[in-house]
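1. here's my sequence, what's the structure:
(one chain, ligands or ions: 3)
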Amino acid sequence: MPMIYNNVCSGVCPASCRLKTQVQNGILTEIKGDSDDLYTLGRLCAKGYTLLERVYSPERIIYPMKQIGKGTNSWQRISWEQALTEIAKIIIRIKHEHGNLWPVCLDQSLGTKGILNRSVEGFFNSIGLITKMIGSPCESAGSDALMLSYGSCKKPAPEDMLNSQLIMIWGGNPAATSLHQMRYVFEAQERGAMIVVIDPIFTATAARSDLYFQINPGTDGDLALGIAKVLFEEDLLDRPFLEKYTKGWPEFCSLLKRLDLKDLASRTGIPVSEISELARVYGEHKPATIWLGFGGQHTPTGGQNYRLINILPALTGNIGIAGGNVHYYSYDMWDFAGVFTNLRATEASNSQNSKELLEHRTLGTGRFASLMTLDPAIQLLWVAGRNPASQDPDSAKVKQALREIPTIVVADLFMTQTAQFADYFLPVTTPFESEDIVISFWHYGTAINEKAIEPVGECKYDFQIMRELAAILNRMTPGFSTFPVEREAAEWLDLEMQKLYPLLGIQHYLELASRYHRVNLAPVPWKDKLFLTPSGKYEFPLEYSKVQVTPPRLNLSAVPGSSKVYPFRLISTRSSFLLNSQFGNSARLKSMENSLVILINPETGQLKNIVTGDKIKVYNQLGEIGFEAYLTPSVPLDVVVAYVGVESGGDDLNTLVPLVENDLGDVIMGVKGFLFHHSYVNLSKVN
Ligand SMILES: Nc1nc2c(c(=O)[nH]1)N[C@H]1C(S)=C(S)[C@@H](COP(=O)(O)OP(=O)(O)OC[C@H]3O[C@@H](n4cnc5c(=O)[nH]c(N)nc54)[C@H](O)[C@@H]3O)O[C@H]1N2
Ligand SMILES: Nc1nc2c(c(=O)[nH]1)N[C@H]1C(S)=C(S)[C@@H](COP(=O)(O)OP(=O)(O)OC[C@H]3O[C@@H](n4cnc5c(=O)[nH]c(N)nc54)[C@H](O)[C@@H]3O)O[C@H]1N2
Ligand SMILES: [Mo]
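-> Numbering: from 1, shown residues only. Ligands and ions are numbered 1, 2, ... in the order given. Predicted structure coming up:
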């Protein structure tokens with residue numbers, strides 16, 4: 001008889017799909033969506049349907065390995081005991097030589113992953129003060145925008161879109177990135193809601209909209225101000241809301257009066273008449289909601305642009321009402337007890353050699369060039385759940401740093417671009433091979449991973465790895481780590497979840513197996529209009545002394561080398577068949593789409609004598625990559641588009657993307673985000 005287990009897909013994705021897993025004689029035989037998942041209704045995405053072959057993929061690394069000479073691809077299978085003992089010795093030596101652990105660096109991604117992944121950070125907290133890469137390559141500038149406007153990142157429940165008369169999808173392409181949510185968009189549309197899309201590319205989402213606006217990249221703030229000006233001039237405002245619940249409206253109002261709609265319009269590339277139409281549509285459909293994507297923030301004034309977009313619901317009183325608000329991101333469902341993050345090394349261990357350090361040394365994620373200038377220098381880098389050599393800007397610099405760091409440990413499933421520079425590869429389990437809990441940042445659905453099969457080969461979960469490493473360290477140097485190694489996974493989970501049990505309506509996390517549970521956050525935020533800002537009101541963006549509007553090419557000079565030599569703006573978008581740098585190794589997914597294409601406008605193609613299928617070199621001052629041309633009118637003349645996470649002949653897309661910081665991101669995360677859509681390139685046909 002087959003056994004059925006509960007699992008959850010733990011990729012960096014809003015859906016966090018619940019899965020039903022069938023096991024026969026210890027082997028996974030089927031993985032399907034759980035029809036009791038009230039969010040996904042049991043439907044998976046294309047990648048989800050390949051999870052089974054991923055578990056047993058011949059490309060999966062299933063033994064610990066040591067590379068003899070970085071980047072040589074000369075790997076030796078070693079035992080866990082050898083791997084962890086050698087790593088432990090290096091850590092102890094660093095501590096001994098430097099008196100502290102600042103030369104040890106952690107680059108980890110959390111959030112959408114399982115709770116036990118937090119054990120990696122917990123382990124490092126338990127041995128002393130290290131260097132941590134902090135912040136996020138993803139949502140931080142936009143999160144700050146919400147934080148500064150409302151005092152916190154809150155969002156409505158997914159199904160609240162059904163209450164909207166208008167859904168404005170701005171700066172994202174959810175038809176590829178959040179496809180389960182699209183059923184609510186379509187249902188709202190069938191009930192008469194208007195769907196508006198604002199994006200430089202005519203995306204798959206735009207194709208399903210009622211109104212589409214092709215905006216010049218990076219000019220979203222100008223468009224928001226343009227809409228605001230029309231709302232003001234045509235008195236489509238909710239004045240009682242503005243007077244009672246906002247701060248800075250009179251000042252903002254005088255700014256609006258000064259702005260010239262024609263100027264704003266010319267920067268956005270959208271005619272005045274269309275901006276006026278959009279403003280009327282937004283102002284006259286109430287409730288109206290804005291679904292803010294993650295893409296639009298990765299431009300020089302992306303944080304400010306997102307703040308300006310967030311003034312629209314304030315102007316029209318679309319805050320705190322069903323069907324209104326802004327759908328972006330929330331952190332409230334991760335209200336953990338903090339059992340991992342609160343771990344601390346013993347005081348004696350931190351102040352060894354009388355060099356007393358009080359804090360971890362921190363550096364923004366992705367800043368590998370800066371990482372190499374730190375003193376004391378990084379001696380050991382631990383990468384878990386990330387692939388910076390592919391996903392962080394300026395890949396060449398990232399790879400250079402990876403070449404220079406004396407010891408790199410990568411815990412992963414596959415031989416990633418980052419792992420190619422590792423000294424130790426530690427093979428980790430898939431969600432089917434160990435117990436954990438995953439909480440969606442989007443629908444707050446909370447699901448359990450039951451251990452359905454024994455780990456494939458010698459794979460171990462991050463939690464198990466950290467626990468064993470702590471034990472080995474303590475065996476060598478008693479008291480080195482305060483990580484409670486005797487505590488089992490189940491106990492950690494139970495402790496970490498304590499604060500969330502009441503919000504989930506359960507008493508123990510094992511109850512999550514029975515049916516879909518979600519963290520019970522308010523389905524409509526800000527109903528009480530009690531904002532969490534210093535003033536307690538919604539705050540207009542006045543800290544920018546005069547709100548900087550963005551000429552389309554502003555800050556061009558900030559990007560070294562961008563000029564007429566590199567006339568095309570490179571925008572990256574997501575393929576339905578990739579998840580960031582993952583899934584590119586699936587033959588089945590590869591057969592469905594050639595992701596190594598560069599989308600070019602047909603007129604540009606004509607100018608450059610390029611046709612679909614041509615081999616193309618895309619290049620700038622940072623490097624070059626080979627693509628296949630795909631001509632499509634969906635992209636503007638001066639924009640070319642590639643898929644996030646692709647690699648061609650050893651060069652990653654981010655080879656072409658300079659590291660430029662966002663204007664926001666440091667309010668919540670302590671470090672600014674960075675730009676992905678502000679890279680300029682040229683193309684030529686390869687004969
Ligand atoms: N299939 C799939 N799904 C995924 C992922 C994946 O890799 N693959 N990744 C997951 C992750 S980590 C994330 S963060 C989300 C991201 O998902 P989304 O929120 O959809 O964000 P992006 O895919 O980054 O958005 C790309 C869109 O932003 C537009 N854009 C670029 N610049 C601008 C601009 O200046 N203004 C405006 N208005 N639009 C602009 C692009 O043209 C493109 O259409 O998706 C998640 N889901
Ligand atoms: N050009 C461009 N670059 C971008 C973006 C863009 O829009 N354009 N988007 C950015 C965004 S929004 C994001 S979020 C980042 C994402 O970039 P990353 O955070 O690097 O995410 P992934 O590429 O998904 O890599 C995650 C790695 O974790 C591994 N992994 C999976 N599960 C586990 C586990 O349980 N344990 C361990 N140890 N490893 C595991 C996977 O195999 C994979 O190699 O990319 C950013 N990069
Ligand atoms: Mo992301």
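
2. list the buried residues of the longest strand along the chain.
-> Identified as the longest strand of the chain according to DSSP state E is strand 623-631. Under the neighbour-count criterion of 16 or more other C-beta atoms under 10 Å, strand 623-631 has 623-625, 627, 629-631 buried. Just so you know, the C-beta spots here come from the backbone N, C-alpha and C atoms, and that holds for glycine as well.

3. also stretch 74-87?
-> So, applying 16+ other C-beta under 10 Å, buried residues of stretch 74-87: 75, 78, 80, 83-87.

4. same deal with stretch 311-322?
-> Those would be 311-322, for stretch 311-322 by 16+ other C-beta under 10 Å.

5. average model confidence for it?
-> Across stretch 311-322, pLDDT averages out at 98.

6. what is the end-to-end distance of it?
-> End-to-end span of stretch 311-322 (C-alpha to C-alpha, to the nearest Å): 18 Å.

7. tell me which parts of this protein are close to ligand 1?
-> 12-13, 138, 170-174, 176-177, 198-201, 203, 215, 217-218, 220, 293-296, 299, 571, 573-574, 576, 578-580, 644, 677 (C-beta under 6 Å from any ligand atom).

8. need the nearest residue in space to residue 136, chain neighbours excluded.
-> residue 669 (5.9 Å; C-beta to C-beta, 6 or more residues apart in numbering).

9. check contacts around the one you found.
-> 134-136, 140, 143-144 (C-beta atoms under 8 Å, 6 or more residues apart in numbering).

10. tell me where the stretch 551-687 of the chain has strands.
-> 568-573, 597-600, 615-620, 623-631, 639-643, 647-648, 651-652, 679-685 (DSSP state E, counting those that start in this stretch).

11. do the same with the stretch 1-150 of the chain
-> 3-8, 18-24, 27-33, 65-67, 75-77, 104-108, 131-134.

12. I'd like those strands as TSV, with mean pLDDT and distance to residue 514 appended.
-> Below are the strands of the stretch 1-150 of the chain laid out as TSV (pLDDT from 0 to 100; distance: least, C-beta to C-beta, whole Å):
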stretch	mean pLDDT	distance to residue 514
strand 3-8	98	9
strand 18-24	98	11
strand 27-33	98	17
strand 65-67	98	40
strand 75-77	98	41
strand 104-108	97	31
strand 131-134	96	37
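
13. now intersect the buried residues of stretch 311-322 with the helices, please.
-> 311-315 (DSSP state H).

14. just to revisit the earlier point, by neighbour count, which of the contacts of residue 669 wins?
-> residue 140 (29 neighbours; other C-beta atoms under 10 Å).

15. give the contact list for that one.
-> Residue 140 is in contact with 662, 664-666, 668-669, 671-673, counting by C-beta under 8 Å, 6+ apart.

16. so which of those residues is the closest to residue 152?
-> For those, the residue nearest residue 152 by C-beta to C-beta is residue 668; the value is 9.5 Å.

17. mind listing the helices for the stretch 301-450 of the chain?
-> 302-309, 311-315, 347-350, 368-371, 388-391, 395-404 (DSSP state H, counting those that start in this stretch).

18. quick one on the thing from earlier: would you list the contacts of residue 140 in CSV and tack on distance to residue 46?
-> As requested, these are exported to CSV (distance: C-beta to C-beta, whole Å):
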residue, distance to residue 46
662, 31
664, 34
665, 31
666, 36
668, 33
669, 31
671, 34
672, 34
673, 28
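
19. of those - the most surrounded one?
-> That'd be residue 673 among these, by other C-beta under 10 Å, with 30 neighbours.

20. distance of that one relative to residue 140?
-> 4 Å (C-beta to C-beta, to the nearest Å).

21. now do the same contact list for residue 312.
-> When contacts are counted by C-beta under 8 Å, 6+ apart, residue 312 touches 224, 227-228, 231, 282, 290, 318.

22. ok so, going back, now pLDDT too, for the buried residues of strand 623-631, in JSON lines please.
-> Output for the buried residues of strand 623-631, formatted as JSON lines (pLDDT from 0 to 100):
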{"residue": "623", "pLDDT": "96"}
{"residue": "624", "pLDDT": "96"}
{"residue": "625", "pLDDT": "97"}
{"residue": "627", "pLDDT": "97"}
{"residue": "629", "pLDDT": "98"}
{"residue": "630", "pLDDT": "98"}
{"residue": "631", "pLDDT": "98"}
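
23. by proximity to ligand 1, which residue of the chain wins?
-> In the chain, the residue that lies nearest ligand 1 is residue 295 (2.1 Å; C-beta to the nearest ligand atom).

24. pull the number of nearby residues for that residue.
-> 26.

25. can you tell me the centre-most residue of the chain?
-> Centroid-nearest residue in the chain: residue 138, 3.6 Å away (criterion: C-alpha atoms, centre = their mean).

26. and the gap between that one and residue 294?
-> Counting by C-beta to C-beta - residue 138 and residue 294 are separated by 6 Å.

27. what's the answer for residue 109, then?
-> The value you get for residue 109 to residue 294, if C-beta to C-beta is used, is 15 Å.

28. residue 441 too?
-> 11 Å.

29. thought residue 633 was touching residue 601?
-> Yes: under the criterion of C-beta atoms under 8 Å, residue 633 makes contact with residue 601 at 6.4 Å.

30. looking at those two, which one has more neighbours?
-> Between residue 633 and residue 601, counted using other C-beta under 10 Å, the more crowded position is residue 601 (20 against 10).

31. so what sits against both of residue 673 and residue 140?
-> Joint contacts of residue 673 and residue 140 (C-beta under 8 Å, 6+ apart) are 662, 664-665.

32. turn the residues you listed into TSV, columns for distance to ligand 2.
-> Shown next, in TSV, are those (distance: C-beta to the nearest ligand atom, whole Å):
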residue	distance to ligand 2
662	12
664	15
665	12
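
33. could you confirm residue 197 falls within a helix?
-> No: according to DSSP: H, G, I helix; E, B strand; the rest coil, residue 197 belongs to no helix; its state is strand.
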